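A.B. asks: My questions are about this predicted structure, shown below with the sequence.
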Amino acid sequence: MSIDVNTLKQIIAQVVQEMTAEDSAATPPAAEPATAAPASGGTATMTATAAGKLTLAETGPAERGSDPKEVVVAVSPAFSTLIHETIIGLPHAAVLKEIAAGIEEEGLKHRFVKVYKTADVGFIAHQAAKLSGSGIGIGIQSRGTTVIHQKDLPPLSNVELFSQSPLIDLETFRAIGKNAAKYAKGESPQPVPIRNDQMARPKYQAIAALLHNKETAQCDLAKKPQALRVSTA
């Protein structure tokens, strides 16, 4: 992906415009439509959001799992609602398919949740690990930054960190799923190989700022992690 000077200027202008609008807003953003409260012994009314070939349906607050063979995958607030692709244009549907496939190849299960309190991928992944029956979780930001975490580690630590989202392709996402499952089984796999490109940061910095701004605007400190029913075509 190449970005010319004019495109870069437009992206930077959009970032500045959105940040200025947020700073000068006199009233807080409108609350999201509330879902119906669950009936006794039932499930909450679900609000599904279709994003291309991916459909996410919130089914209520996510519970802590007890199955030692599960890996929880937590996504960020804007994932497939406001932002539908990673920073290099990988559809979120394809990302989740590869993560799930990697976990399944190791004979384990996956469970999806959405975290609203933060857009920080380290804290998202730590929340996933705390909810996971195996104690291993994966956190994914909308732009593609990913972390494998373990529940007993401090939030700012991690098992594996994939910080350069422009360098994470579908093969890497599949490998991340596989490694997470291996950690859940008590194995000590070799870390997923990480590519390095010194030009990735300056090339994508403006786009990353725009995506970060959109992501953090969707945070809701009062909303608990939500269990997700994920359908991909």
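C.D. replies: That came in fine, so what should we check first? Numbers count the residues shown, from 1 in each chain.

A.B. asks: make it CA atoms for all contacts and neighbour counts henceforth
C.D. replies: Will do.

A.B. asks: remind me which residues of the chain are low pLDDT?
C.D. replies: Counting by pLDDT under 70, the ranges of the chain that qualify are 1-53, 233.

A.B. asks: and with 50 instead?
C.D. replies: Low-confidence segments of the chain (pLDDT under 50): 1, 19, 22-47, 50-51.

A.B. asks: quick one, helices of it?
C.D. replies: 5-24, 92-105, 121-131, 170-184, 200-216 (DSSP state H).

A.B. asks: Relative to V230, which of those helices is closest?
C.D. replies: Of all the helices of the chain, helix 92-105 sits nearest to V230, with 8.9 Å by CA to CA.

A.B. asks: buried set for the closest one?
C.D. replies: By neighbour count on 16 or more other CA atoms under 10 Å, the buried set for helix 92-105 is 92-104.

A.B. asks: Comparing the helices of the chain, which comes out most buried?
C.D. replies: helix 121-131 (a mean of 27; mean count of other CA atoms under 10 Å).

A.B. asks: With distance to I176 as added columns, please give the buried residues of helix 92-105 in CSV.
C.D. replies: Below are the buried residues of helix 92-105 laid out as CSV (distance: CA to CA, whole Å):
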residue, distance to I176
H92, 15
A93, 16
A94, 14
V95, 11
L96, 11
K97, 12
E98, 9
I99, 7
A100, 10
A101, 10
G102, 7
I103, 8
E104, 12
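
A.B. asks: Identify whichever of the helices of the chain lies nearest to R229.
C.D. replies: Closest among these, once you apply CA to CA, is helix 92-105, at 12.1 Å.

A.B. asks: helices and strands around that closest one, which ones?
C.D. replies: Secondary-structure packing of helix 92-105 (3 or more CA pairs under 8 Å, 6 or more residues apart in numbering; DSSP states H and E): strand 109-114, helix 170-184.

A.B. asks: closest one to C219 among the ones you listed?
C.D. replies: Among these, strand 109-114 comes nearest to C219, with 10.9 Å by CA to CA.

A.B. asks: Within its sheet, name the partner strands of that closest one and how each one runs.
C.D. replies: Paired strands of strand 109-114, with direction, are strand 70-75 (parallel), strand 226-232 (antiparallel) (DSSP bridges).
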